[in-house]
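Q: predicted model and sequence follow; I will ask about them next.
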Amino acid sequence: MTKQSKILNILYETAHAEYGSALEMLAACKKSQSPSLAFGYFHHSKDEYIHTSTFFSILAKRSQQIKTNEARKLRFRPYFVRTKGYISPKGFLIDFMKIKDFIAFVYTNELLAKSSFEKIHILLGPQTEDGEKIKQIMNDELLHHGMAKKHFLKYYPKLQPWQLMLYKTREQIKNKGRKLYEKNLKFLEIIFQPLYSIISFFIGKIITILDLKEFNRKNKNLMEISARSIL
């Protein structure tokens, strides 16, 4: 894999991760009973949508430098947030997590996101226009992390640092598992694609030798068709 391909794949994955975060925050906003929390979730969601748009705009610009058939693979597909594991099949996190665990999830993931963006920032070039956009996103992630921390200090003053470390470790393991799943999915696709092509070829051949006149019912009285007919 070339450096350019690596950068494009990272941008593509990160864009879907940000889109998944936007949906999670919007769901939390809708479910919140507190106006101040709902307001915070809404603005967090808005920022994540903007981040998604930013990543795809960078991706679109850089995709012009590669072959068209490769660029098509980098199109935005909303349902990928589930297949890639950024949204759980069970539903949104706010639906089945305790509020404390959900805030902890936000707290740790914003730090992990910032760490990832630092690497992207270096890949794109700190002094470039794209690098400046990533830097702004990093600032937003720190702001989100700070808001979650402020909530913790206010509502969960007895929460110990080691507990937050456990949350962070758990999310790191999940992220590694997600990447492993993605790699296995691509590997299986490479293995089974020739098999799918062969099956499709033989099905096409079988269809060409079938007599399909039986299915032509144009200008025919259906009441006169034999009871033993396929239709």
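A: Right, received. Where do you want to start?
Q: going by C-alpha atoms from here, please, whenever you check contacts or count neighbours.
A: Will do.
Q: where are the low-confidence patches of the chain?
A: 1, 157-193, 195-196, 201-202, 204-205, 207-231 (pLDDT under 70).
Q: what ranges does it have for its helices?
A: In the chain, the segments counted as helices under DSSP state H are 3-31, 35-63, 68-72, 80-83, 93-96, 99-124, 129-155, 161-209.
Q: show me what contacts residue 48?
A: Residues in contact with residue 48 (Cα atoms under 8 Å, 6 or more residues apart in numbering) are 18-19, 21-22.
Q: single out the most deeply packed of the helices of the chain.
A: Highest mean neighbour count among those (mean count of other Cα atoms under 10 Å): helix 3-31, with a mean of 20.
Q: other SSEs contacting that one?
A: helix 35-63, helix 80-83, helix 93-96, helix 99-124 (3 or more Cα pairs under 8 Å, 6 or more residues apart in numbering; DSSP states H and E).
Q: quick one: distance of that helix to the chain centre.
A: With Cα atoms, centre = their mean, to the nearest Å as the basis, helix 3-31 stands 5 Å off its chain's centre.
Q: that helix vs helix 35-63, what angle?
A: Counting by axes from the mean of the first three to the mean of the last three Cα atoms, to 10 degrees, helix 3-31 lies at 160 degrees to helix 35-63.
Q: if we can go back for a sec, kindly reformat the helices and strands packed on helix 3-31 as TSV containing distance to residue 27.
A: What follows is those, written out as TSV (distance: least, Cα to Cα, whole Å):
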stretch	distance to residue 27
helix 35-63	9
helix 80-83	15
helix 93-96	7
helix 99-124	12
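Q: rewinding a little: ok, of the contacts of residue 48, which one's closest to residue 38?
A: residue 22 (13.5 Å; Cα to Cα).
Q: the closest one touches residue 50, doesn't it?
A: No: the pair residue 22 / residue 50 is not scored as a contact, 9.1 Å apart, by Cα atoms under 8 Å.
Q: which residues touch residue 128?
A: Taking Cα under 8 Å, 6+ apart, one finds nothing in contact with residue 128.
Q: ok, now the one 3 residues further on?
A: Residues in contact with residue 131 (Cα under 8 Å, 6+ apart) are 121-122, 124-125.
Q: for residue 146, give me its contacts.
A: Residue 146 neighbours (Cα under 8 Å, 6+ apart): residue 107.
Q: end to end, how far does stretch 72-79 reach?
A: For stretch 72-79, the first-to-last residue distance is 16 Å (Cα to Cα, to the nearest Å).
Q: which of the residues in that stretch are classified as buried?
A: Residues of stretch 72-79 classed as buried by neighbour count (16 or more other Cα atoms under 10 Å): residue 74.
Q: starting at the chain centroid, how far to that stretch?
A: Per Cα atoms, centre = their mean, the centroid offset for stretch 72-79 relative to its chain is 10 Å.
Q: among the helices and strands packed on helix 3-31, which is nearest residue 199?
A: Using Cα to Cα, the nearest of the helices and strands packed on helix 3-31 to residue 199 is helix 80-83, at 24.8 Å.
Q: for the closest one, name the packing helices and strands.
A: Using 3+ Cα pairs under 8 Å, 6+ apart, helix 80-83 is in contact with helix 3-31.
Q: got the angle for the helix it packs on vs helix 99-124?
A: Going by the same axes, to 10 degrees, helix 3-31 makes 160 degrees with helix 99-124.
Q: make residue 1 into 49 and carry on from there
A: Right, with 49 as the first residue, what we last looked at is helix 51-79.
Q: and residue 128, what does it touch?
A: residue 64.
Q: state the distance from it to residue 92.
A: 21 Å.
Q: before we move on, what about residue 86?
A: Residue 86 is 10 Å from residue 92, by Cα to Cα.
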